[in-house]
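Enquirer: Sequence unavailable; structure follows:
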């Protein structure tokens with residue numbers, strides 16, 4: 001599955017049509033916080049890192065992010081391609097220093 005397919009399939013699971021952007025942005029922040037909390041507990045509290053829980057939280061973050069893009073008619077594949085190109089350019093600039 002590519003990002004565009006994921007975005008379209010994820011959109012089919014969206015519930016409600018009011019305040020979608022606000023709901024998705026707040027959900028993204030919340031789910032990101034849960035992911036960060038797993039890392040914090042692993043790093044500072046000595047808890048084991050659950051691959052299953054980490055995968056779940058990453059999936060939740062991905063879903064909300066894909067729906068922020070969908071709301072604004074931004075193709076998720078384009079986001080991924082743009083980001084990789086931007087990171088390559090940044091790495092190349094740093095390598096030249």
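Expert: That came through, no problem. Quick caveat, the model's predicted, so the values are computed rather than measured.
Enquirer: and residue 37, how many neighbours?
Expert: Residue 37 has 11 neighbouring residues, counting by other Cβ atoms under 10 Å. Glycine gets a C-beta too; all of them are placed from N, C-alpha and C.
Enquirer: Same question for it, what's its three-state structure.
Expert: With DSSP: H, G, I helix; E, B strand; the rest coil as the basis, residue 37 sits in helix.
Enquirer: Now do the contacts for it.
Expert: Residue 37 makes contact with no residue, according to Cβ atoms under 8 Å, 6 or more residues apart in numbering.
Enquirer: how near is it to residue 57?
Expert: Applying Cβ to Cβ, to the nearest Å, the value for residue 37 to residue 57 is 9 Å.
Enquirer: Tell me the secondary structure of residue 42, please.
Expert: Recorded secondary structure, residue 42: helix (three-state DSSP).
Enquirer: per-residue pLDDT, it?
Expert: Looking at residue 42, its pLDDT is 98.
Enquirer: Count the residues that sit near it.
Expert: Residue 42 has 14 neighbours, counted by other Cβ under 10 Å.
Enquirer: Next one: the residue nearest to it when sequence neighbours are not counted from residue 37, what distance?
Expert: Spatial nearest neighbour of residue 42, chain neighbours left out: residue 49 (4.5 Å); criterion: Cβ to Cβ, 6 or more residues apart in numbering. Computed as Cβ to Cβ, the residue 49 to residue 37 distance reads 12 Å.
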